[in-house]
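>>> I need the structure of the sequence given here:
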Amino acid sequence: MDRKLLDLLCSPDTRQPLALLESRGLDALNRAIAAGQVRRADGSPQAAPLREALVTRDRKQVYRVDDGIPVLLVEEALATAQVADFPSA
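A predicted model of the protein is given here:
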């Protein structure tokens, strides 16, 4: 993802800055997705694993990135509280 674009992005509901989710967080999230434990904010299941994602500064929400395009919709956010082993930092 383009660094200049990333510097401009923020969470649409909390206005917190976003950062690329590191591999440990992405792995933990994808394990929970594979186990059917992850739902989007609108209640729909997140069935497909993520190749890239953005995380809020407080690490409570994740937004997926599809083909290099951030999906910054409040209803598409993934709460990290659903992932038992989501790393704190």
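>>> residue 26 is in what secondary structure piece?
Using DSSP states H and E, residue 26 maps to helix 23-34.
>>> distance from that helix to the middle of the chain?
10 Å (Cα atoms, centre = their mean, to the nearest Å).
>>> contacts for the helix or strand following that helix next, please.
Sequence-wise, the next helix or strand downstream of helix 23-34 (DSSP H and E) is strand 53-56. Residues outside strand 53-56 that contact it (Cβ atoms under 8 Å, 6 or more residues apart in numbering): 6, 9, 11, 14, 16-21, 25-26, 29, 61-65, 70, 72, 78, 80. C-betas here are computed from N, CA, C, even on glycine.
>>> just give the strands next to strand 53-56 in its sheet, each with its orientation.
When pairing is defined by DSSP bridges, strand 53-56 lines up against strand 18-20 (antiparallel), strand 61-66 (antiparallel).
>>> can you put those in CSV and add mean neighbour count and distance to residue 86?
Formatted as CSV, the strands paired with strand 53-56 follow (neighbours: other Cβ atoms under 10 Å; distance: least, Cβ to Cβ, whole Å):
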stretch, mean neighbour count, distance to residue 86
strand 18-20, 17, 14
strand 61-66, 20, 9
